[in-house]
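In: here is a sequence with its predicted model. Questions after.
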Amino acid sequence: MIYFKIILALLLSVLPFFYISYIRPKEKTSPIWRNMFTALGTQMPRLRAAKNAVGKFFHRLYEGMKKSDNFRKFFSLITLLLMIAVQFVDFSATMNVARMIQDASQDSQQTAQIIAVYGPLMTRPHASVLAACLSLTLFSYTAADWLLTRLHNRRKFFFGVALMALIVLFSSPRYLIVTEVLEMMLMAALIYPNKIPSQDPKGRKPIPMVKEQQQLRKAA
């Protein structure tokens, strides 16, 4: 779990660049990108099929979130589950380091080496509590929708949270879990679209057209 935590931290740090370069590709504005994706697609048909499948899934999810609360609830639930998974990995890595220190407690020199190497990977208890509290905001769909929408629409709020995540990261590596949770929340807010209001009047159903009017429209 210790090395898995390191790999996960590296993946989360690369995720924003992956989103900019892949999820929102520049192939429309640059022929280099378009030619590169075409060449890769001809040489690797499986990669092209996987790319198309992932693209269709995200497109359907993104378009569904514009109109349906169910899609928005599903997206917030997936984000919450990913946050919980990251916190579980972080907690397991901290417990592994604690067991290593306990097993080497009889040898002071070995204990000092373990603390020097793996000590920064031990998350502080109040950092874990703070990360859990941040994740709790997504348990309620109303709170999750309000938070992700504000982060998506207000740049100052978005960059303020991003700056806070960087400050927490550089203050101590033992607060890494807080930065990871904030980064996942910001990435979710980037994808989260504004909901398109329904055109039908609230509390009323559209009046069905008379068959004669429908026939007249078809004839026209």
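Out: Here it is on my side, so go on.
In: lowest-confidence helix or strand of this protein?
Out: helix 31-43 (a mean of 52; mean pLDDT, DSSP states H and E).
In: show me what contacts residue 98?
Out: residue 122 (C-beta atoms under 8 Å, 6 or more residues apart in numbering). From N, CA and C alone the C-beta is placed, and that goes for glycine too.
In: in which helix or strand would I find it?
Out: Under the criterion of DSSP states H and E, residue 98 resides in helix 69-103.
In: list the buried residues in that helix.
Out: Within helix 69-103, the residues scored as buried using 16 or more other C-beta atoms under 10 Å are 71-72, 75-76, 79-80, 83, 86-87, 89-91, 93-94, 96-97, 100-101.
In: what's the next secondary structure element after that helix?
Out: helix 108-118.
In: what angle do that next one and helix 69-103 make?
Out: 160 degrees (axes from the mean of the first three to the mean of the last three C-alpha atoms, to 10 degrees).
In: show residues contacting helix 108-118.
Out: For helix 108-118, using C-beta under 8 Å, 6+ apart, the contacting residues are 2, 97, 100-101, 104-105.
In: sorry, back to before: tell me the average confidence for the helix holding residue 98?
Out: The average pLDDT for helix 69-103 rounds to 87.
In: so where's this protein shaky on pLDDT?
Out: In the predicted model of the chain, residues 1-48, 51, 54-55, 106, 198-220 satisfy pLDDT under 70.
In: hang on, isn't residue 141 packed against residue 71?
Out: No: when contacts are counted by C-beta atoms under 8 Å, residue 141 is not listed as touching residue 71 (11.6 Å).
In: helix, strand, or coil at residue 194?
Out: coil (DSSP: H, G, I helix; E, B strand; the rest coil).
In: no, scratch that, I was asking about residue 161
Out: helix.
In: what about residue 176, helix or strand, and which?
Out: helix 176-191.
In: now that helix against helix 69-103, angle please.
Out: Using the same axes, to 10 degrees: helix 176-191 against helix 69-103 is 160 degrees.
In: other residues contacting helix 176-191?
Out: Under C-beta under 8 Å, 6+ apart, the answer for helix 176-191 is 8-9, 12, 15-16, 19, 62, 75-76, 79, 82-83, 86-87, 90, 123, 127-128, 130-131, 134-135, 138, 147-148, 151-152, 158, 161-162, 164-166, 168-169.
In: now, of those residues, which are buried?
Out: Buried among the contacts of helix 176-191 by 16+ other C-beta under 10 Å: 8-9, 12, 75-76, 79, 83, 86-87, 90, 123, 127-128, 130-131, 134-135, 138, 147-148, 151-152, 158, 161, 165, 168-169.
In: shouldn't residue 94 be in contact with residue 124?
Out: No: using C-beta under 8 Å, residue 94 makes no contact with residue 124, being 9.1 Å away.
In: so for these two, which residues contact both of them?
Out: Common neighbours of residue 94 and residue 124 (C-beta under 8 Å, 6+ apart) do not exist.
In: show me the contacts of helix 176-191 that map onto helices.
Out: 8-9, 12, 15-16, 62, 75-76, 79, 82-83, 86-87, 90, 127-128, 130-131, 134-135, 147-148, 151-152, 158, 161-162, 164-166, 168-169 (DSSP state H).
In: give me the number of residues near the residue lying closest to residue 67 once chain neighbours are set aside?
Out: Leaving aside its chain neighbours, residue 67 sits nearest to residue 196 (5.8 Å; criterion: C-beta to C-beta, 6 or more residues apart in numbering). Counted with other C-beta atoms under 10 Å, residues neighbouring residue 196 total 10.
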